[in-house]
Each structure stands twice: as C-alpha cells, then as structure tokens.
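> Return atomic coordinates for the entry below.
(one chain, ligands or ions: 1)
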Amino acid sequence: MISLKTNYDAIVVGGGPAGSTTGALLAEKGHDVLIVEKEKFPRYHVGESLMPFCYFPLERLGLIDKLMDSGNPRKYCVQFVRQDGFLSQPFYFFQHFDHPSSTTWQVWRSEFDKMILDKARLNGATVWEETKAKALLKEDERVKGIRVESSEFGSQELFAPIVVDASGRDCFASIREKWKIRDPKLKKIALWTYYKGAKRDPGLDEGATTVAYLPNKGWFWYIPLSGDMVSVGIVAEKDYLFDGSTKDHDEIFQREIQNNEWIKDHLSGAEQTGEYRITGEYSYRNRYCSTDGLVLAGDALGFLDPVFSSGVFLALKSGVMLADEIDSVMESGNPLTSTSFDHYGKRMQSSIEIMRKIVYAFYDDEFSFGSLVKRGEHLRASLTDCLIGNVDDQDFKELFDAMSDLADLPEPVEHGLARASK
Ligand SMILES: Cc1cc2nc3c(=O)[nH]c(=O)nc-3n(C[C@H](O)[C@H](O)[C@H](O)COP(=O)(O)OP(=O)(O)OC[C@H]3O[C@@H](n4cnc5c(N)ncnc54)[C@H](O)[C@@H]3O)c2cc1C
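Numbers count the residues shown, from 1 in each chain. The predicted structure follows:
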C-alpha cells in the first residue's frame, strides 16, 4: 500500500484567485505545494468585474493569452448613473494609462477561478478538491499544519513550514484565532441575480461596469457577461432593503428596479434567471496578517465593499506577493516566521486603506465624483489610478486632501500587520 504524502513545503487553504495564484507561483519556483479546496471546481462565485491591474498578476501566471482568446466582454471603463438615469462621463482606463492592462474583462468566476487552479496544477501543485480544512495544528503556538476532511482521503493531518489561508470570506484561520474585526461603518448587504437578454450600451461601453444609484446611497451593479447574461446586484443598508414591507427577494429586487431609470430601461424585456443570492458580513480586516507558520491572503486577509471591484485584484496581488516572499525566505534557508511577512502586511494594508478611503467617500452623503473632479483634472487622474489598481508607490495626498473637503474619510486602522514572533 502506498502511504499518503502528508508533508509539503507549503499548504494553501482555498483554491480561489488568492490561493491558486500563491500555489501556482510557488510551484513554478519548484516548491512542493498542496492546495486544499472544499468545493469541486468549477464552482459558483460572485465578483465578476475585474480591475485593470489584474493584468500584471495574470501576466505573471501566463494567462493573458487565454483571457484575450476568451469570449469574455472587454471592460474599458466604469460608469456612474444617477437615479434619474443621467449617465456621467465614464472613466475610460486607457485615457489615463496607455497599456494593454487598461482593458480588462468581465468574467464568470466559475471559469476564471478554474483557469487559475488548473494553472497551479500544471505548474506542479497538488490540488485536493472537496477537501475542507477543519483545524489548525499547532506546536508551541507555531502553526505546523492543518487537519482536513477530504472526500477522497478522509480525515488527514497535513504539515508544512507555512500554511497560507486563502479561504475567502470563510476566514478559516482568523475565525479560529478570533482575529476578525468588522469595519465600523461599512455594514451593507448585497442582493443579486442574473438577467438574460438585458440591454448593453453601444461601442466601447458594451462591457462597462455600471454603478447605478439608489436612495440612501444604495446602488446597483450591472456587469455584462458572456452568453447574453448580465450580473445585476443591489448593495444597500439592511434597513433600507428590508423596510418591513416584504421579505421576498424578488419583490424587493423588482421594487428597487423602479428606483433607477437606467436600470429599469436596461432590464426591460430581459428575463431574470436563477435564484436570488444574498450576503451580509461586509468589510472586515484581521488583527494580524500572520503568525509563525501562518499567513493570510485575499478575502481571508480582509474584505472591502465591492463598489470598486477591488476584491479579485487584491486577491491576485496578495497571491503574487506571498509566493515571492515565501520563496525568498525559503531560498535564504531562514525559518518562515510571522515577521517574514512584515513587508507583505504593510503593503497590503496600504493598498486596502487607499481603496477604503474611496469607498467611504462614495457612501458619504455630501460627496460626488463630479464635484471632486471639478476641482481639477489632475484629481480625475489620481482617482483613475485608484480605480485601475495602480496604488503602489503613488502619492495620493492631493487626492485625499480634496476628498476630505467633501467627505468624512476614515483614519487608517492599525491592525492587519504581522504579529510579533514569539
Ligand atoms: C456581493 C459581492 C460582489 C463582489 N463583486 C466583485 C467584483 O465585481 N469584482 C471583484 O474584483 N471582486 C468582487 N467581490 C469580491 C471578490 O469576490 C473576492 O474579493 C474574491 O473572490 C477574493 O478571492 P479569494 O481567493 O480571496 O477568495 P475566494 O474567491 O472566496 O476563494 C476562497 C476559496 O476557499 C475555499 N474555502 C473556504 N473555506 C475553506 C476551507 N475551510 N477549506 C478548504 N477550502 C475552503 C472556497 O470554497 C473558495 O473556493 C465581490 C464580493 C461580494 C461579496
């Protein structure tokens, strides 16, 4: 009988964009990686609109040609629509940054996530699907592995010098460690579904992400997908959506469609398909990004309101950074400790804080993008940098000074950095 291999260089929990990217790039560098994923891919996932700077991690993964050849709608811009249907000037990414990355894609996440997980396999990572991480294994406070329940291999204890938690909003490790801290203000819920045969705007705007306003700073997302489908969702305060008149998701959705002329027009004649989905648990971060033997990636590290489609970008970015940091420590022969991720934690925190400020501004009653960019075209340029994900090594002082005249911006949170090693 061949005994099951239980020791690896790295174990990754979760095969979404963060976990698969970490696993694919570590395997490419010759490390022995195991990815455990509780679902069987392809599996459903929300979050179809990519940010332009996803291009660079996807380029590292060697997946740009695949996406170029895919039938996914191309996304050239994001556009904002008032309740009365007035469409403001779209933010065309290429007007700001003349590079192939300026055009991105609207993707079915089932296919997109499988593409990256397949790449990890191709690079040599071992992938166990239908395998759920159940517990962290520790020795003297150091994480040394995980216990899993696998459809194929049953209950197993698996060991590695580093466990990467990329379990998304399940927050496998941080819930067990009691690290999760909710954002004090960003407490929305989302209700969404899919439409077939809905209207698309002409020309370059055909694949645009549209953010269409609702009362009380709620909003619709409208994301055109392949197969003549559109992802349509509402993000709003719970008390606004569930105002006591009905709990029925279809009734609530149809009621809100009447509150935005553009959405009403674009969905007229279209057919709603499939179920309504709902989620709360909005916007959180963790006390730490790492402890000895454990590091967090993607949504397991932190989650920000999806209004600017930053989630997949931050997940891919964290995956690339982690693969590089883990590889360089392993190559140096030094042990992987919590503080190996000092740089990673600071960099991710800075990216998340930049996006968080813009999310706060977006929800502020006094704020509008129109009034911001009226203060100078250079502010439109800085804002577009944020909207495309170009947030590293940039000075956004002028942008945030101007924004804070128009909106209450949050102080940065202190948590989320590497925990001091024991
Ligand atoms: C309503 C809503 C709308 C969104 N819209 C957008 C958008 O338009 N654009 C965008 O960029 N982002 C969007 N996001 C965010 C985006 O979906 C996430 O940021 C992104 O999926 C994060 O990737 P990840 O790899 O960290 O996690 P995930 O993609 O969630 O992957 C985590 C994986 O871990 C697996 N897993 C979980 N627990 C375990 C366990 N214990 N053991 C084994 N496996 C496990 C899960 O099955 C999953 O496959 C949206 C999010 C929400 C809630």
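> The residue of the stretch 301-422 of the chain found nearest the ligand: what's it in contact with?
The ligand sits closest to residue 311 of the stretch 301-422 of the chain, with a gap of 2.2 Å, by CB to the nearest ligand atom. (C-beta placed from N, C-alpha, C; glycine too.) Shown in contact with residue 311 (CB atoms under 8 Å, 6 or more residues apart in numbering): 47, 298-299, 303-304.
> Tell me the residues of the stretch 51-200 of the chain that contact the ligand?
132-133, 166-170, 172, 190 (CB under 6 Å from any ligand atom).
> from the residues you listed, which ones fall inside strands?
132-133, 190 (DSSP state E).
> Pipe these into CSV and attach neighbour count per row.
Converted to CSV, those look like this (neighbours: other CB atoms under 10 Å):
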residue, neighbour count
132, 19
133, 26
190, 19
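> Pick the one among the residues you listed closest to residue 236.
residue 190 (8.3 Å; CB to CB).
> Name the nearest of the residues of the stretch 51-200 of the chain next to the ligand relative to residue 160.
For those, the nearest to residue 160 is residue 133 (12.2 Å; CB to CB).
> give me the beta-bridge partners of the closest one?
residue 148 (DSSP bridges).
> where's it relative to residue 384, distance?
Residue 133 is 39 Å from residue 384, where distance means CB to CB, to the nearest Å.
> Ok, residue 225 next?
Following CB to CB, the distance that separates residue 225 from residue 384 is 24 Å.
> domains for the protein, by residue range?
10-72+107-182+284-349, 74-105+188-279, 353-418 (automatic domain parsing).
> Can you give me the buried ones in the helix or strand hosting residue 120?
Secondary structure assignment for residue 120, by DSSP states H and E: helix 109-122. By neighbour count on 16 or more other CB atoms under 10 Å, the buried set for helix 109-122 is 109, 112-121.
> Now do the strands in the stretch 51-200 of the chain.
Ranges of strands in the stretch 51-200 of the chain, per DSSP state E, counting those that start in this stretch, are 74-75, 77-81, 91-92, 104-105, 126-128, 131-139, 142-150, 154-159, 162-165, 180-182, 188-196.
> Out of those, which is the most enclosed?
strand 162-165 (a mean of 30; mean count of other CB atoms under 10 Å).
> List the strands paired with that strand, with their directions.
In the sheet, strand 162-165 lines up with strand 10-13 (parallel), strand 294-296 (parallel) (DSSP bridges).
> next one: the least confident helix or strand in the chain by mean pLDDT to chain centre, how far?
Using mean pLDDT, DSSP states H and E, the weakest-scoring helix or strand in the chain turns out to be strand 91-92, at a mean of 86. When distances are taken as CA atoms, centre = their mean, to the nearest Å, strand 91-92 is centred 21 Å away from the chain's centroid.
> Provide the strand pairings for it, with the direction of each partner.
strand 77-81 (antiparallel).
> what's next to the strand it pairs with, contact-wise?
By CB under 8 Å, 6+ apart, strand 77-81 touches 87-88, 90-93, 204-205, 208-213, 260, 262-263, 308-309, 369, 387.
> Of those, which belong to strands?
Filtering those for strands - DSSP E - leaves 91-92, 209-213.
> which among the residues you listed gets closest to residue 196?
For these, the nearest to residue 196 is residue 210 (17.4 Å; CB to CB).
> how about the residue of the stretch 101-250 of the chain found nearest the ligand, what does it touch?
Per CB to the nearest ligand atom, residue 168 is where the stretch 101-250 of the chain lies closest to the ligand, at 2.3 Å. By CB under 8 Å, 6+ apart, the contact list for residue 168 reads 14, 16, 18, 298-300.
> What distance do you get for it to residue 17?
9 Å.
> Then residue 255?
As judged by CB to CB, residue 255 and residue 17 stand 34 Å apart.
> ok, residue 58 - contacts?
Contacts of residue 58 by CB under 8 Å, 6+ apart are 64, 67, 316.
> Show me which of the residues you listed are buried.
Using 16+ other CB under 10 Å, the buried ones in these are 67, 316.
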